[in-house]
Structures are given as structure tokens and as C-alpha cells.
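**Q** what shape does this take:
(2 chains)
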Protein chains: 2
Amino acid sequence: MDLFSQQLLSEFFACLYEKELEFELVPVDMGSGEHKKEPYLSLNPFGQVPAFEHGDQKLFESRAITQYIAHEFANKGTKLDCPGQPIAPLLVWKEVEAHQFDPPASKLNWELVFKPMFGTSTDTAAVEENEAKLAKVLDVYGGSFVSIQVLGM
Amino acid sequence: MDLFSQQLLSEFFACLYEKELEFELVPVDMGSGEHKKEPYLSLNPFGQVPAFEHGDQKLFESRAITQYIAHEFANKGTKLDCPGQPIAPLLVWKEVEAHQFDPPASKLNWELVFKPMFGTSTDTAAVEENEAKLAKVLDVYGGSFVSIQVLGM
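**A** Alright, predicted model coming up:
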């Protein structure tokens, strides 16, 4: 299997490592716009990294790739799905990560890590706004709702 | 089962109808901020509609609710999952809806439908920006990539 990316993103590394899978990292040179041209567009028509190839299955969108690996290699390495457990908390908290946690966390990453790396200025108003949004999400993660619904405590 | 919402959202109506399920719609008065107070917060700690209750299972996040219904009532009404089919296209195109289609479509809905309804002005620059983003997504939806990967044509 091949993972097409500019760098080894931590969630894929964790997923592939836990499943004890061998893979090849295929570098994509985003600096020269390789991700916006063929042949990369035949892997992901939106021209974004990463993409993933396993036999004749081609995938993109990071959460789809990790879910595919968890499903396709269910009986190898660490169990990443929860067979026999109620499915509702898994479905809900996957969506919370995607729609509540990730938007402010990614925005802060962009403003505080990538912008300084590229020599552009951080938007301090955007940082404040997204720190407040992220704080609310972390309050929920640390609160009794999660203890009861996710951890069963 | 109870669906807590201000109105009957089309994706839930479609999902519940296809599965031939009986349910009760529990109105949430967002005008008076009912969704930001208990007891609603015990259904969704983020204080957003909709939420869903089925026996002792409580769910929120719209995509989690429809996936739960499709999974929990797999053998009732219309088949909404695809057993025996390759799982990769399903995983990829669910994420595309959530992360490529929905953000510009929701923003346009807000600017062109809800803002005029609330008597506030539409941001024409935001409309133009999101129309361009949505057009790119619709180009991919209508292109050969989707025909081959999703429809198998």
C-alpha cells in the first residue's frame, strides 16, 4: 500500500503502526504544485494530500483512510473498532472531532505554526476567537458528559 | 424514538421515512435559548440541534444520527448501507460531503436564505467566494472520477 503525502502525518503513522502494516510513503512535492496536476488528480480530484492506494482501492480524505485501514485490517494488530460495543458513542464522538475539535485546532495550527514558518503574520484576533472555541470543546471533553457516555464511568 | 429539533430537517425525515420508523418530533425553542440550557444540554453538551434519543442511546451531530439509524435498523425499510460492496467509496464520499460540499453550501444557505429571513444583509463577497468553492465541488461530482469510482460506469 502507498500513502501519498508531503510528510508522514501522525494519525496515519499511528494507524498503520498499530495495525503492523508495511507501506510505502510516496512524497508529493506541494511546493511545485504536484498535488494540483495529473497523475495526482487521478488519486484525489480535489488536489489535496494525503491520498492512499491499496491494491485497486484508491482513497482520499484523511478520516476515510484511517477508517478504511481499521475496517480492512480489523483482525490485524491493535483492534481499532469496537465490535459488540454500542455504536452510538463511536459515531457521535467521531463527528465531534471532525466538526467541533478540528476546525478551531486546525485554524490555530495554521496561525501559530504554519504562518510563522512561511514568514507571514499571525492574525491575533483569529487566534483569540479560535482559542475560545477550542476551550469550550476541551471543557466538554473533560466534563461529566464524556465520562458517562464514552468512558462509562 | 425522539428527535429534538426546531424543525423537521430533510435528511432525518428522509432517513426515518426510508426506514419506515415511527418517531416523535420534540420541538426545541431556539428563540428562547432552550438549546443552551438544561435539560437540553444533557442531550448535546455543545447546545446545538438536533439531538436524538432511542431507548437509552442519546445521540447528536446530524451525520452520527443518520448513520446510527442506518446501522441500527439495517434490516428494516430501504437498505441504506451497502453490505458486500467495497467500503472505500462509501467512506471517501461521506467525508467529501462533510468537508468539501457542506461548508460552502451551508455558508450560502446562511447568506442567501437565513440572513434575509432575519432581516440582516447578505455578504456578497462571501457569496461569491463560496459559489466558486461549490462550483469546484459540483464539477468533481459531475466528472468522470465519480462516474468510475462511485457509480462504476
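**Q** phi and psi next, for the residue most central in space within chain A.
**A** For chain A, the residue sitting closest to the mean C-alpha position, by Cα atoms, centre = their mean, is residue A:62 at 4.8 Å. Per-residue torsions, residue A:62: phi -60, psi -40 (degrees, to the nearest 10).
**Q** likewise the one 10 residues further on?
**A** As for residue A:72, its main-chain torsions (degrees, to the nearest 10) stand at phi -70, psi -30.
**Q** mind checking how far the lengthiest helix in chain A is from the chain centre?
**A** In chain A, assigned by DSSP state H, the helix with the most residues is helix A:124-142. From the chain centre to the centre of helix A:124-142 is a distance of 19 Å (Cα atoms, centre = their mean, to the nearest Å).
**Q** flag every residue of chain A that's near chain B.
**A** With Cβ under 8 Å from any Cβ of the partner chain as the criterion, chain A meets chain B at residues A:42, A:45-46, A:57-61, A:63-64, A:67-68, A:71-72, A:86-88, A:91-92, A:94-96, A:98-100, A:136-137, A:140, A:143, A:145, A:149. C-beta here means a position set from N, CA and C on the backbone, and glycine is covered the same way.
**Q** list the buried residues of the strand or helix carrying residue A:104.
**A** Per DSSP states H and E: residue A:104 is located in helix A:102-109. Using 16 or more other Cβ atoms under 10 Å in any protein chain shown as the test for burial, helix A:102-109 gives A:102, A:104-105, A:107-108.
**Q** which of those residues sits closest to residue B:2?
**A** Distance to residue B:2 across the buried residues of helix A:102-109 (Cβ to Cβ) is lowest for residue A:102, with 28.8 Å.
**Q** now the closest one: how far from residue B:74?
**A** Residue A:102 is 29 Å from residue B:74, where distance means Cβ to Cβ, to the nearest Å.
**Q** quick one, helices of chain A?
**A** Ranges of helices in chain A, per DSSP H, are A:10-18, A:62-72, A:88-96, A:102-109, A:115-117, A:124-142, A:144-149.
**Q** with mean pLDDT added, can I get these in a markdown table?
**A** As requested, the helices of chain A are exported to a markdown table (pLDDT from 0 to 100):
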| stretch | mean pLDDT |
| --- | --- |
| helix A:10-18 | 87 |
| helix A:62-72 | 92 |
| helix A:88-96 | 91 |
| helix A:102-109 | 93 |
| helix A:115-117 | 92 |
| helix A:124-142 | 95 |
| helix A:144-149 | 66 |
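**Q** among those helices, which is nearest residue A:32?
**A** In terms of Cβ to Cβ, the element of these nearest to residue A:32 is helix A:115-117, at 18.0 Å.
**Q** chain center to that closest one: distance?
**A** 21 Å.
**Q** now stretch A:32-48
**A** Put simply, stretch A:32-48 sits 19 Å off its chain's centre (Cα atoms, centre = their mean).
**Q** output it in PDB with nothing but the alpha carbons.
**A** Coordinates of the C-alpha atoms in stretch A:32-48 are reproduced here as PDB (Å, rounded to 0.1, in the frame of the first residue of the first chain):
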ATOM      1  CA  SER A  32       5.900  22.700  -7.200                       C
ATOM      2  CA  GLY A  33       2.200  22.100  -7.200                       C
ATOM      3  CA  GLU A  34       2.400  18.400  -7.900                       C
ATOM      4  CA  HIS A  35      -0.800  17.800  -6.000                       C
ATOM      5  CA  LYS A  36      -2.800  20.100  -8.400                       C
ATOM      6  CA  LYS A  37      -1.700  18.100 -11.600                       C
ATOM      7  CA  GLU A  38      -2.100  14.700 -13.100                       C
ATOM      8  CA  PRO A  39      -1.300  12.000 -12.200                       C
ATOM      9  CA  TYR A  40      -2.000  13.100  -8.600                       C
ATOM     10  CA  LEU A  41      -5.500  14.400  -9.500                       C
ATOM     11  CA  SER A  42      -6.500  10.800 -10.500                       C
ATOM     12  CA  LEU A  43      -5.900   9.900  -6.900                       C
ATOM     13  CA  ASN A  44      -7.700  12.900  -5.400                       C
ATOM     14  CA  PRO A  45      -9.700  15.200  -7.800                       C
ATOM     15  CA  PHE A  46      -9.700  17.900  -5.100                       C
ATOM     16  CA  GLY A  47      -5.900  18.100  -5.300                       C
ATOM     17  CA  GLN A  48      -5.300  17.800  -1.600                       C
END
